[in-house]
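Peer 1: I would like the atomic coordinates for the input below:
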Amino acid sequence: MGNHKRRSGSEGSSLSSSRIEPYKKHRSSPASNSPRQLSGKHPTFISYLEAPNLHPKVKLLCEIIAKTPSPSVEKVLEDSSIIVSQGDVEDVLKLSYGFPGPAVKFFRWAGFQLGDRHSPYAWNLVVDMLGKNGLFDAMWDAIKSMKQEGLLSLATFASVFSSYVTANRVKEAIRTFEVMAQYNVPCDIVALNSLLSAICREGKAIEGKEFLGIAKSKIRPDSDTYAILLEGFEGEGDVGNARKVFSEMVTEIGWDPMNVPAYDSFLTTLLRGPDGIREALKFLERMKDRRCFPGIKFFKIALEECGRTADAKGAGLLWEAMTKSGFRPDTGMYNSLIALHCHLKETNVAKSLLDDMIRHGAFPDSQTYNVLFHFLIKDRKLREASAVLTEMTKNEFLPSPSNCRSAIRVSIDHGDPCLAIKVWKCMVENYNSDLEETGNLLVLGLRDTDRLPEAVKYAEDMIDRGIKLNSSTLSKLKQSLSQLGKVYVYDELLRKWKLQ
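Peer 2: Alright, predicted model coming up:
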């Protein structure tokens, strides 16, 4: 490090021999702008080769770090005559996590240019880089150098917490928390929550709960503390421990209307239980009595769960609770409820929800219309389906090709091809493929419902558009036209067909 030139040799050795541990990015880490991603057992880091619009100077420095053996890095950098700024150092370090040894050499070399005045962020990046590569001795050397410079902050230790936890060394992370005061960084509730977050984000919420059980004798938990734990158990689907933590939270800090994230995670976790919707609704009633509410996430997931289990009653209770709580359902939530009622053959209710969402500013999208259109066709409600199609196309949404085919088939089978013609016009105006089967179906359907002139009209239109008219379709048209003494019409159709 800048003030520790004497360590360059041993540091290089430790960098090359240390074991690299898996890592999952932590939002509190100084390098939380995704310096790395998980790949199997070993970490992979975002490379400068993946960074768009990279400044040529930064790219050249990254190339030197990536391609130069560690012992030669400083000489190559010196020979390059490149002048760096604090910002350059930060940009290079963020993209050099895969080469910690050369990157540290670069950091030292840049320090000579900058008069050892690296930014706190650059120092934190070095700490994070070393930690995420499992180079913990070198990491602590950097922390000691930062302490001498008065640059340590909670962000530094948040990175250390994350590095230890992702390396499955939770005890070391906790010991780091315990010695923070020796480095003049407060060991307070904010730091405790940072450590707890690092633990829970790695799927170790039970260890986080055990840690809190000990730590709370010295540091009083706050609403964030419990929100972090509950989010951890939500991620792990641990309903039992979520109940225990929620009960402890209410006992320790009471009910707090501002503690939305905790309520959101808790109720969402309850949905995983054997009678999840009912239990979540029971707790939601308790919350409402105390003017406390979850966030919109819970309602979205709960409505999706009701859709999955075809639970219209539960969905209705959720919807009522949500709207009475002042939440405005969005398009996705309306879509969930519309789909649920459609699956239950309650298309009238679904249609009323479509009208309701427009009044409340949640505008329908392609999914809204296509789901409702699909089930109206399936239930043979062709008049209502036609009205939905009109509204859909007026709002510049299109029925899916599969919905178009179903609508034409059902309309023809129903003996009323008006909707089929309407859908076909929509198809040929907006789709360029997969029209052959549907077009032939329409022509034959019109013929079979005694609308021969229209059948001929659309057959000619198909030929003009380059859509293949099957020989079997043509043969049936010939049969019908011959019976009416209109062979000349067939001959003209055949002539165009042959030209096609």
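Peer 1: Within the helices and strands, which one has the residue positioned nearest the centre of the chain?
Peer 2: Nearest to the centroid of the C-alpha atoms of the chain, with distances taken as CA atoms, centre = their mean, sits Lys297, at 12.8 Å. Secondary structure here is read from DSSP states H and E; on that basis Lys297 sits in helix 296-309.
Peer 1: That helix packs against which elements?
Peer 2: When contacts are defined as 3 or more CB pairs under 8 Å, 6 or more residues apart in numbering; DSSP states H and E, helix 296-309 sits against helix 260-270, helix 276-289, helix 312-324, helix 331-343. Just so you know, the C-beta spots here come from the backbone N, C-alpha and C atoms, and that holds for glycine as well.
Peer 1: Which positions in the following helix or strand past the last one come out as buried?
Peer 2: The one in question is helix 331-343. Once helix 331-343 ends, the next helix or strand along the chain (criterion: DSSP H and E) is helix 347-359. The neighbour-count criterion (16 or more other CB atoms under 10 Å) identifies Thr347, Val349, Ala350, Lys351, Leu353, Leu354, Met357 as the buried residues of helix 347-359.
Peer 1: circling back: any idea of the mean pLDDT in the helix holding Lys297?
Peer 2: This predicted structure assigns helix 296-309 an average pLDDT of 92.
Peer 1: Give me the residues contacting that helix.
Peer 2: Surrounding helix 296-309, the residues in contact under the criterion CB atoms under 8 Å, 6 or more residues apart in numbering are 263-264, 267-268, 271, 276-277, 280, 311-312, 314-315, 318-319, 322, 327, 329-330, 332-333, 336-337, 339-340, 343.
Peer 1: Buried ones in it, by neighbour count?
Peer 2: Within helix 296-309, judged by 16+ other CB under 10 Å, the buried ones are Ile296, Phe298, Phe299, Lys300, Ile301, Ala302, Leu303, Glu304, Glu305, Cys306, Gly307.
Peer 1: of all these, which comes closest to Ala155?
Peer 2: Ile296 (30.1 Å; CB to CB).
Peer 1: quick one: that closest one and Asp141, what's the gap?
Peer 2: As defined by CB to CB, to the nearest Å, Ile296 lies at a distance of 46 Å from Asp141.
Peer 1: From the contact counts, what lies against the helix or strand that contains Lys147?
Peer 2: Per DSSP H and E: Lys147 is located in helix 136-149. The elements that helix 136-149 packs onto, with contact taken as 3+ CB pairs under 8 Å, 6+ apart, are helix 8-17, helix 120-132, helix 154-166.
Peer 1: ok, now with 10 Å
Peer 2: Packing partners of helix 136-149 (3 or more CB pairs under 10 Å, 6 or more residues apart in numbering; DSSP states H and E): helix 8-17, helix 100-113, helix 120-132, helix 154-166, helix 170-179.
Peer 1: among those helices, which is nearest Ile412?
Peer 2: Ranking these by proximity to Ile412 (CB to CB) places helix 154-166 first, at 61.0 Å.
Peer 1: angle of the closest one against helix 170-179?
Peer 2: Computed by axes from the mean of the first three to the mean of the last three CA atoms, to 10 degrees, the angle separating helix 154-166 from helix 170-179 equals 160 degrees.
Peer 1: and helix 154-166 with helix 136-149, angle?
Peer 2: Going by the same axes, to 10 degrees, helix 154-166 makes 170 degrees with helix 136-149.
Peer 1: roughly how far out does stretch 213-228 sit from the chain middle?
Peer 2: Stretch 213-228 sits 29 Å away from the centroid of its parent chain (CA atoms, centre = their mean, to the nearest Å).
Peer 1: need the helices and strands packed on helix 136-149 in TSV with mean pLDDT and distance to Pro364, can you?
Peer 2: Output for these, formatted as TSV (pLDDT from 0 to 100; distance: least, CB to CB, whole Å):
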stretch	mean pLDDT	distance to Pro364
helix 8-17	33	57
helix 100-113	94	52
helix 120-132	96	46
helix 154-166	96	43
helix 170-179	96	49
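Peer 1: Val239 against Ser265, yeah?
Peer 2: No. Taking CB atoms under 10 Å as the definition, Val239 is not a contact partner of Ser265, at 11.7 Å.
Peer 1: Which residues are in contact with each of those two?
Peer 2: Listed contacts common to Val239 and Ser265 are Phe233; contacts here mean CB atoms under 10 Å, 6 or more residues apart in numbering.
Peer 1: Can you pick out the residue with more neighbours from the two?
Peer 2: Ranked by neighbour count (other CB atoms under 10 Å), Val239 and Ser265 place Ser265 first, with 27 against 18.
Peer 1: residues contacting that one?
Peer 2: 226-235, 242, 245-246, 294-295, 297-298.
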